[in-house]
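> Structure here, sequence nowhere to be found:
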């Protein structure tokens, strides 16, 4: 599959934005400006960027506790994201949700989710809406290898399959469920073989190469949009950070992390590909990197200049009236 | 010529039939309404509430599901977030445990967590209670579990007319509503409006007026309390019976107004007493109407055991009519 220059550079820009956002968020956390916890998506950028590139604003996603990347790839506003992390009134959730619950319903983002696997049946429900209202909208559920061992995975995939609902299940195998390595949590080598048990295609994808995630995501989204039903994509990827900010990471070695960073970094792979195919020049990357830095800084500035979320209006959002 | 308001037409219906009538009314009224659950389509539901709906509305709107409680409740959450108005049936309230994450962490909290960006207009219909020998895993009264969670509404109708009107209101509500029927009420009969009928959530109903004590109750214990009130009347005690109908939101004013009149409160429910919803009502009255009371607020509720199987054992753990009479006399005497 040939990817045109504009698409290639946009994929790179989205991945770079995610990487820079996460760096900046950790910095703010270190400055005690972020409360609670954050989960860093760095290392997995090609997954969200490649799949969500095929989604329209009226398509839906469900996301995870490690959700900043999914949110950015669904074209969220960085200022509102930072404002949420900082507990500001201008944040996506007006300070009620924080990192683990950022949602942007105007772009079809049905929310990050603090419950592992919690978003899977919600995406199935969104896909039911698409089918019931006779539209060609699709839903993508992002979840991890941890989520794949929840009951919602089994129930959700089966429900989607029996009704041929337009949903794509994107399993991000980042090698660890919190601290538990995949080899200790699955008795099968190839997780994608599970799809056969539900009667849907299951594809293992190199989640570090955005060409691969873009291609596989495109096929699965197109299949769902045509009304041909769900697909399970198992993205082999890697989480650079710990499970959470400050995780001592006793369950893996520094060498392992360095090897993935050196040999399988999604941004480096994308640069190599784009330069090799002469889709762009190093100057193009410099320009994009500068623009990304500026956009992220604008987001931080907006958040820091925003007023803190007001406790006065808290009860308003409990019930809809 | 004097114009008279035409009496709205009613018909005697079973409680189960009245619920089906509400579903039919709302399915006809709003194409966004879809219903799904286990055995609800061709079979018509374990208690025949959805009988006939498949034929009228087709399998896209009346859907049988696999036995996947957490999955189907989660599917309802997702459908509600994106524009449908799903009514999902859990065959027994005891099965809520299988779906509790989607009920509590997702349905109840999505709107709040998202800063008001979302609405979750879904109804979870289920049924609870003892009295059919179904034993501990199919007989509980679990309303306190859900009444405790901010973001949910909780409805428990006692009569066929309320069942129809409250279910219609629940479906039209923009919030997740846990609608708990009672397995022994399905075959009770009453007059039900045949036309459009909606009973607003959050309005209690004084099912019998009285001046000597206030009995606050819900679901099947409303019927027991009314029987007890009739017996008490024979002995010269006038009990007022308030059916709260919706636990959340709670009609505090109707309860407080009554207690200020009768000066005595007896709360009756089938669920176990410990941490039951009766404690909420007793506390409300103690906090807001303490000076009006002539006796401490009293709770009569289920024993703190699982529901046993054998018929005589089952009856022994939940308040019966004579237990209510006895408790009321103790309070008045």
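Looks like it arrived, so ask away. Worth saying up front: this structure is predicted, and the values here are computed from it rather than measured.

> my guess is residue A:64 meets residue A:113, correct?
Yes - if you go by C-beta atoms under 8 Å, residue A:64 and residue A:113 touch, sitting 5.9 Å apart. Where C-beta positions appear, they are placed from N, C-alpha and C, glycine not excepted.

> can you list residues touching both of the two?
Common contacts of residue A:64 and residue A:113 (C-beta atoms under 8 Å, 6 or more residues apart in numbering or on different chains): residue A:119.

> Spatially, what comes nearest to whichever residue of the stretch 151-300 of chain B sits closest to chain A if we skip its sequence neighbours?
Scanning the stretch 151-300 of chain B for the residue nearest chain A gives residue B:174, at 3.9 Å (criterion: C-beta to the nearest C-beta). Leaving aside its sequence neighbours, residue B:174 sits nearest to residue A:320 (C-beta to C-beta, 6 or more residues apart in numbering or on different chains; 3.9 Å).

> ok, the one you found - how many residues close by?
The local packing of residue A:320 (other C-beta atoms under 10 Å in any protein chain shown) involves 16 other residues.

> what's the answer for residue A:200, then?
22.

> tell me the SS of it?
coil (DSSP: H, G, I helix; E, B strand; the rest coil).

> OK, contacts around it?
Residue A:200 touches A:157, A:160, A:161, A:229, A:230, A:231, A:232, counting by C-beta under 8 Å, 6+ apart.

> On the pLDDT front, check the fifth one for me.
This means residue A:230. Residue A:230 carries a pLDDT score of 98 in this model.

> Does the closest residue to it other than its chain neighbours lie in a helix or a strand, and which?
In this structure, residue A:230 finds its nearest non-sequential neighbour in residue A:160, 4.2 Å apart by C-beta to C-beta, 6+ apart. Assigned by DSSP states H and E, residue A:160 belongs to helix A:151-162.

> What helices and strands are in contact with that helix?
helix A:120-132, strand A:167-173, helix B:69-81 (3 or more C-beta pairs under 8 Å, 6 or more residues apart in numbering or on different chains; DSSP states H and E).

> mind checking which of those is nearest residue A:254?
strand A:167-173 (21.1 Å; C-beta to C-beta).

> contacts for whichever helix or strand comes after the closest one?
Sequence-wise, the next helix or strand downstream of strand A:167-173 (DSSP H and E) is strand A:176-177. Contact partners of strand A:176-177, identified using C-beta under 8 Å, 6+ apart, comprise A:116, A:144, A:145, A:146, A:149, A:182, A:185, A:239, A:243, A:251, A:252.

> repeat that with 7 Å
By C-beta atoms under 7 Å, 6 or more residues apart in numbering or on different chains, the residues outside strand A:176-177 that reach it are A:144, A:145, A:146, A:182, A:185, A:239, A:243, A:251.

> List the residues that contact the first one.
Just to be clear, that refers to residue A:144. A:64, A:172, A:174, A:177.

> now do the second one
With contacts defined as C-beta under 7 Å, 6+ apart, residue A:145 is in contact with A:171, A:173, A:174, A:177, A:182, A:185.
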